[in-house]
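# fold the following for me, if possible:
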Amino acid sequence: MEKLNVYAAKLVPKNENFTQGHRACQGCAEVLALRHIGKALGKNVIIASATGCMEVVSSPFPFTSWDVPWIHVAFENAAAVASGAESGLKALMRKGKISPRKIFVLALAGDGGTNDIGLQALSGALERGHDFLYICTDNEAYMNTGIQRSSATPWGASTTTSPAGKVIPGQATWKKNMAAIAAAHDIPYVATACPSYPFDLMEKVKRGARIPGPAYIHVLAVCPTGWRSPPDLSIRLGRLAVETGIFPLYEVVDGKYKITVDVPELRPVEDYFRLQGRFRHLTKDMIDQIQRRVRKEYDRLRKRVEMTMED
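Below is the predicted model of the structure:
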């Protein structure tokens with residue numbers, strides 16, 4: 001595996017389409033994800049980026065950290081603008097205004113702009129069958145505006161709008177499964193990814209972009225500020241999320257499920273929680289409850305893989 005990773009690293013483009021000079025926090029895994037995504041897609045891409053952390057840190061007027069065509073759009077509009085760009089490109093090629101070729105169209109948004117505010121536009125774009133790639137960079141709260149809860153915030157996590165108290169100990173609902181919602185649209189490609197596994201992430205981005213039709217990738221992005229974790233542990237936390245089964249890495253190709261980073265024996269979820277201040281209030285009973293749910297959901301994912309392999 002080590003030799004394979006060294007070989008894969010040599011094949012990664014050296015150019016940066018998301019460049020230095022941005023204003024992201026130290027240890028921001030979301031920025032790292034954007035660098036990997038940029039390398040995977042190359043120059044031939046148009047990006048529609050919703051309001052959020054990555055828009056704010058990458059575009060301080062009059063500068064930009066993007067070295068490819070990039071459009072800042074409203075919080076809820078990433079999928080709508082990307083589908084318009086995709087339709088416009090097809091029209092221009094049909095009319096002979098530009099030469100026919102593959103130009104990737106990418107929509108970028110955080111969990112707030114995807115799970116909540118932008119869900120209607122995303123669902124419509126997936127249903128219409130636009131040939132584009134939608135990537136959600138999920139840091140599990142509205143971090144840009146002050147660490148407010150979103151529907152991607154894990155059960156029990158403390159945020160400014162779901163504070164840990166005696167009556168309600170943090171987030172009161174379970175994390176919305178956006179990858180499953182996307183897959184329910186019967187689109188050609190859905191995947192989960194994490195920059196802690198860069199080759200897995202880049203391969204999924206390439207695959208999602210090249211498959212005709214809509215593709216959706218849900219990327220876990222560790223946020224040291226909102227998660228109250230040391231900046232130097234972001235990569236480790238991403239790996240722990242996968243190793244504990246809290247955020248499994250898999251893909252759904254034409255309805256068939258495949259786990260891409262399998263974990264035969266899941267680590268205890270406590271290994272993941274103890275490094276984050278947003279979970280420091282969790283009791284043993286709460287951790288046990290989360291552990292049971294994680295194992296149940298991981299077993300359910302394995303069964304989906306087995307069922308689709310049999311089809």
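# only C-alpha atoms from now on, for both contacts and neighbour counts.
Will do.
# give the contact list for Lys14.
By C-alpha atoms under 8 Å, 6 or more residues apart in numbering, the contact set of Lys14 is Lys39.
# go on, Ser123?
Ala182, His185.
# tell me the spacing between it and Lys284.
38 Å (C-alpha to C-alpha, to the nearest Å).
# can you give me the helices for the chain?
Using DSSP state H, the helices found in the chain span residues 2-11, 29-41, 53-58, 78-94, 111, 119-128, 178-183, 198-210, 224-227, 234-243, 270-273, 284-310.
# mean pLDDT added to the ones you listed, as a markdown table?
What follows is those, written out as a markdown table (pLDDT from 0 to 100):
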| stretch | mean pLDDT |
| --- | --- |
| helix 2-11 | 63 |
| helix 29-41 | 97 |
| helix 53-58 | 96 |
| helix 78-94 | 98 |
| helix 111 | 98 |
| helix 119-128 | 98 |
| helix 178-183 | 98 |
| helix 198-210 | 97 |
| helix 224-227 | 98 |
| helix 234-243 | 98 |
| helix 270-273 | 98 |
| helix 284-310 | 95 |
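# deepest-packed of the ones you listed, please.
helix 111 (a mean of 30; mean count of other C-alpha atoms under 10 Å).
# which secondary structure elements does it sit against?
Packed against helix 111 by the contact rule (3 or more C-alpha pairs under 8 Å, 6 or more residues apart in numbering; DSSP states H and E) you find strand 133-138.
# let's see 10 Å
With contacts taken as 3 or more C-alpha pairs under 10 Å, 6 or more residues apart in numbering; DSSP states H and E, helix 111 sits against strand 133-138, strand 215-220.
# centre of the chain versus the last one, how much separation?
Going back to what we said before, that points to strand 215-220. For strand 215-220, the separation from the chain centroid amounts to 4 Å (computed by C-alpha atoms, centre = their mean, to the nearest Å).
# could you dump that strand to PDB, C-alpha only?
The C-alpha coordinates for strand 215-220 follow below in PDB (Å, rounded to 0.1, in the frame of the first residue of the first chain):
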ATOM      1  CA  ALA A 215     -22.900  13.300 -10.000                       C
ATOM      2  CA  TYR A 216     -22.800  14.100  -6.300                       C
ATOM      3  CA  ILE A 217     -19.800  13.800  -3.900                       C
ATOM      4  CA  HIS A 218     -20.200  14.500  -0.100                       C
ATOM      5  CA  VAL A 219     -16.800  15.500   1.400                       C
ATOM      6  CA  LEU A 220     -16.200  15.500   5.100                       C
END
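# and the residue most central in space within the chain, how far from Ala193?
Closest residue to the average C-alpha location of the chain: Val219 at 2.0 Å, with C-alpha atoms, centre = their mean. Note on Val219: its distance to Ala193, by C-alpha to C-alpha, is 5 Å.
# now for those two: what residues contact both?
Ala33, Ile135, Cys136, Thr137, Leu201, Phe247, Leu249 (C-alpha atoms under 10 Å, 6 or more residues apart in numbering).
# nearest residue to the last one in space, please, no chain neighbours.
Using C-alpha to C-alpha, 6 or more residues apart in numbering and skipping residues adjacent in sequence, the residue nearest Leu249 is Thr192, 5.2 Å away.
# show me the contacts for that neighbour.
Contacts for Thr192 (C-alpha under 10 Å, 6+ apart) come out as 135-136, 178-179, 200-201, 204, 216-220, 247-252, 259-260.
# try 6 Å this time
Ile217, His218, Val219, Leu249, Tyr250 (C-alpha atoms under 6 Å, 6 or more residues apart in numbering).
# put together a markdown table for those residues, with pLDDT and distance to Lys95 on each row.
Formatted as a markdown table, these follow (pLDDT from 0 to 100; distance: C-alpha to C-alpha, whole Å):
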| residue | pLDDT | distance to Lys95 |
| --- | --- | --- |
| Ile217 | 99 | 32 |
| His218 | 98 | 35 |
| Val219 | 98 | 36 |
| Leu249 | 98 | 41 |
| Tyr250 | 98 | 40 |
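# hmm, which of these are the buried ones?
Among the contacts of Thr192, the ones that count as buried by 16 or more other C-alpha atoms under 10 Å are Ile217, His218, Val219, Leu249, Tyr250.
# and Ala191, how many residues sit next to it?
When neighbours are defined as other C-alpha atoms under 10 Å, Ala191 has 28 of them.
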